[in-house]
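Chemist: Here is a sequence together with a model predicted from it:
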Amino acid sequence: MRHRKKGKVLDRKAGPRKALLRGLAVSLILYEKMQTTKAKAKTIKPIVEKLITRGKANTLATRRYLIQYLYKEAAVRKVMEELGPRYKDRKGGYTRILNIGRRQGDGAEIVQIELV
């Protein structure tokens, strides 16, 4: 039974799954929109929103937390200097998921996740 189990497994073991989610988070933060499967987009959405919420408080502790999670310093800088001030008055809901269609090869649902 999966009672009280959070998140998706995405058919990967824990290490590769964490690396995938961190990489997707960095890409979404740097480029502000990306195309991916619906399952990955729904998994990455709360992670990115929590990182942006953390970035609204421009403190050293916040910067260290973001450096610990995100792979690239440019992503940390963007969250702290651009996205935090941009969404200062917004209480959440920084991302949106738009359906695109199905992938030709395997029929997976493809969506575009973007920052609002």
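Modeler: The structure has been received and is ready for your questions.

Chemist: Buried residues, the lowest-mean-pLDDT helix or strand in the chain. List them.
Modeler: Ranking every helix and strand in the chain by mean pLDDT, DSSP states H and E puts helix 84-86 at the bottom, with a mean of 93. For helix 84-86, burial by neighbour count (16 or more other C-beta atoms under 10 Å) applies to residue 84. From N, CA and C alone the C-beta is placed, and that goes for glycine too.

Chemist: Next secondary structure after it?
Modeler: strand 95-102 (DSSP states H and E).

Chemist: May I see the buried residues of that following strand?
Modeler: residue 95.

Chemist: Report the mean per-residue pLDDT for that strand.
Modeler: Average pLDDT, strand 95-102: 97.

Chemist: so what does it touch, helix or strand wise?
Modeler: For strand 95-102, the packing partners by 3 or more C-beta pairs under 8 Å, 6 or more residues apart in numbering; DSSP states H and E come out as helix 38-55, strand 109-115.

Chemist: show me where pLDDT drops low in the chain?
Modeler: Along the chain, no part satisfies pLDDT under 70.
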